[in-house]
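Asks: coordinates only, no sequence provided:
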């Protein structure tokens, strides 16, 4: 009976991938319904939320950096449908929020004042404050760059990739390695910079 914001966006990504692989219109309809639900939540002021119980009209207000990885689904839906609302009301505002609030001076995605350790960010050590598991915000910026051509989004993703090529401390969480590897591979595919 509830929807977790970030997990719901990953479900939409699954429907998008399913549609791209099979061209089954049911998958595209589901992707549109999920993406439009998020746009409605933004419009009526319930965004950002961690968990929603839409049938009960309850929402747990919460704002986390990784929610803005939703820029990826908006960029993909704009590319699939050509609907500008996905670009102007979703992809661009979400990507702009990442750039405004979550890029450190060293290029990493993160924060200057981490409050707790988690699988997303370390509180101490050489990677303190870095979103070691960026949960897709780097890839989301690359997707928004792909549909807008706005170099700010590419520059931000490249800045994070550059940070990781200079990092000397090994991340503790195993989930970090594929996350960083995927970002580096995607940056390479877009830039050709080995």
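Replies: Here it is on my side, so go on. Note that the structure is a prediction, hence the values are computed from the model and not measured. Numbering: from 1, shown residues only.
Asks: find the residue at the geometric middle of this protein.
Replies: Per C-alpha atoms, centre = their mean, the C-alpha nearest to the average position across the chain is that of residue 69, at 1.2 Å.
Asks: wait, that residue sits on residue 131?
Replies: No. Counting by C-beta atoms under 8 Å, residue 69 stays clear of residue 131, with 10.6 Å between them. All C-beta atoms are positioned from the backbone trio N, CA, C, and that covers glycine.
Asks: give the contact list for the residue of the chain most remote from its centre.
Replies: The outermost residue of the chain, judged against the average C-alpha position, is residue 56 (27.4 Å), by C-alpha atoms, centre = their mean. Going by C-beta atoms under 8 Å, 6 or more residues apart in numbering, residue 56 touches residue 1.
Asks: next one: phi and psi at it?
Replies: Residue 56 has phi and psi values of phi -100, psi -10 when expressed as degrees, to the nearest 10.
Asks: next, the buried residues of stretch 113-131.
Replies: 114, 120, 121, 122, 127, 128, 129, 130, 131 (16 or more other C-beta atoms under 10 Å).
Asks: now do that stretch: distance to the chain's middle.
Replies: 18 Å (C-alpha atoms, centre = their mean, to the nearest Å).
Asks: contact partners of it?
Replies: Counting by C-beta under 8 Å, 6+ apart, 65-66, 102, 104, 108-112, 132-135, 137, 163, 167-169, 171-173, 175 sit against stretch 113-131.
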